[in-house]
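Q: Test case, fold it:
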Amino acid sequence: MELLLIAETIEDRLLPSHLDLLALAGHFPLPAGSRKGLLLPGNNMAETAKTLSETHGLDIIVLEAEKPDLPNPYRLLEAAREVVKKYAPRFICLPHTMRACQVAAGLAQAFDGACITAVEDIRMENQQLFFRRALFNGKLQMEITPLKTPTVFTILSGAFPFQKARPVLNQGRMEQAIIPRPTARFMPLALVSTEEKDNVVETADVIVAAGRGVGKIENMDLIRELAGIMQNSAVAGSRPVCDLGWLPYSRQIGETGKQVGPKLYLACGISGARQHTMAIKNAQTIMAINTDSQAVIFSVADIGIVEDLTTFLPLLIEKYRQSTQG
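A: Okay, the predicted model is just below:
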């Protein structure tokens, strides 16, 4: 097997990130006749495995074990190690999520391979593969060529265009991988859904989003004040802001949060990492406010303001109120 994809599931349901893996499988440069496989953790996955095999020509390895359907990177790493030992793939791909990155690093270490995270593009030149990823919040692009195998890598959401599934001439094989009782130090028992049903971000026409550049929690009052004077608006934030506890995770915008498409997206103090900009690509208008004139967010913004938001936002609020009252 040349390429092994490792999908994430929760409660026997494939997460949306599996679409990025399928997209990568269709674009990854492999020699003719090379086999591509997908590791599918979870119970009662036979129908899903059959569909993927028929429409994408992948060898499907269904991982059935005790509680494989709950998020446990240590357990998935244990299982994946056994599969890699058996099939010896040259390339192993996972989605760029917190759990999958942990598995990727563990696999690279276990097999003395290369590990490349947050891959945005792959190209081949003179029979050599080059993986491209961003540095310094997207200000620089770096190309990496692996010197060891297996090469374990994670891909960003939306990096490769997804093609609609269709029947293939050579469908893949299917088999089960029964993994012994886990030796991991913990075992998740169940998932408990939060009682908060916060969908205001998805339905808002205007989103005022705060990034780490807001500076301190007291400046969040400016974000809320600006959102408060606009109709059908919502306050949101980048992952660092939610990690700091300034906003609940239900308001997080990004690859590990929510994807939105409002009429107006105001990015306040947001640098513009790929994980964030991919989540706002459907916004009709993006306005960015940042003191760093080289911030990557300006490359996707329709309107860019290079200014301290504590100076600019009060002026914007005042002008907006004057226009609505006049």
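Q: in this protein, which helix or strand is least confident?
A: The weakest-scoring helix or strand in the chain, judged by mean pLDDT, DSSP states H and E, is strand 174-178 (a mean of 72).
Q: Show me what the following helix or strand past that strand is packed against.
A: Following strand 174-178 in sequence order, the next helix or strand is helix 200-203 (DSSP states H and E). Helices and strands touching helix 200-203, by 3 or more Cβ pairs under 8 Å, 6 or more residues apart in numbering; DSSP states H and E, are strand 233-237. Yep, even glycine has a C-beta here, placed from its N, CA and C like the rest.
Q: Next SSE downstream of the strand it packs on?
A: Using DSSP H and E, the first helix or strand after strand 233-237 is helix 239-243.
Q: I'd like the distance from the helix or strand just after that following helix to the chain centre, please.
A: Helices and strands here follow DSSP H and E; after helix 239-243, the next one along the chain is strand 264-268. Distance of strand 264-268 from the chain centroid (Cα atoms, centre = their mean, to the nearest Å) equals 21 Å.
Q: Just the buried residues of the least confident helix or strand of the chain, please?
A: For strand 174-178, the neighbour count (16 or more other Cβ atoms under 10 Å) marks 174, 177 as buried.
Q: Listing partners with orientation, what would you give for that strand?
A: Sheet pairing here is set by DSSP bridges, and for strand 174-178 it gives strand 59-64 (parallel).
Q: residue contacts, residue 269?
A: By Cβ atoms under 8 Å, 6 or more residues apart in numbering, residue 269 lies in contact with 210, 211, 212, 213, 214, 215, 289, 290, 309.
Q: So among those residues, which ones count as buried?
A: Burial by neighbour count, judged by 16+ other Cβ under 10 Å, picks out 210, 211, 212, 213, 214, 289, 290, 309 from the contacts of residue 269.
Q: Serialize these to TSV and add fields for pLDDT and secondary structure.
A: Listed next are the buried ones among the contacts of residue 269 as TSV, based on pLDDT from 0 to 100; DSSP: H, G, I helix; E, B strand; the rest coil:
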residue	pLDDT	secondary structure
210	96	strand
211	94	coil
212	93	helix
213	93	helix
214	94	helix
289	96	strand
290	96	strand
309	93	helix
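Q: of all these, which comes closest to residue 188?
A: residue 212 (30.3 Å; Cβ to Cβ).
Q: ok so, going back, mind putting the contacts of residue 269 in JSON lines, distance to residue 45 included?
A: Below are the contacts of residue 269 laid out as JSON lines (distance: Cβ to Cβ, whole Å):
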{"residue": "210", "distance to residue 45": "40"}
{"residue": "211", "distance to residue 45": "39"}
{"residue": "212", "distance to residue 45": "39"}
{"residue": "213", "distance to residue 45": "43"}
{"residue": "214", "distance to residue 45": "43"}
{"residue": "215", "distance to residue 45": "47"}
{"residue": "289", "distance to residue 45": "46"}
{"residue": "290", "distance to residue 45": "45"}
{"residue": "309", "distance to residue 45": "47"}
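Q: Spatially, which two of the buried ones among the contacts of residue 269 are the most separated?
A: 212 and 289 (13.4 Å).
Q: between the buried ones among the contacts of residue 269, which is nearest residue 82?
A: Of these, the one sitting nearest to residue 82 (Cβ to Cβ) turns out to be residue 212, at 40.1 Å.
Q: And stretch 279-288, what's buried?
A: By neighbour count on 16+ other Cβ under 10 Å, the buried set for stretch 279-288 is 279, 280, 283, 286, 287, 288.
Q: Equivalent analysis for stretch 118-135, please.
A: 118, 119, 120, 122, 129, 131, 132, 133, 134.
Q: tell me the mean pLDDT over that stretch?
A: Averaging pLDDT along stretch 118-135 gives 90.
Q: Can you tell me which of the contacts of residue 269 is closest to residue 248?
A: residue 210 (12.7 Å).
Q: How about the contacts made by that closest one?
A: 219-220, 223, 235-238, 241, 246-247, 268-270.
Q: swap in residue 87?
A: By Cβ under 8 Å, 6+ apart, the neighbours of residue 87 are 1, 4, 37, 61.
Q: ditto for residue 270
A: Contacts of residue 270 by Cβ under 8 Å, 6+ apart are 209, 210, 211, 212, 213, 238, 276, 288, 290, 295, 297.
Q: Give me the spatial nearest neighbour of the fourth one, chain neighbours excluded.
A: Leaving out its chain neighbours, the residue that sits closest to residue 212 by Cβ to Cβ, 6 or more residues apart in numbering is residue 240, at 4.3 Å.
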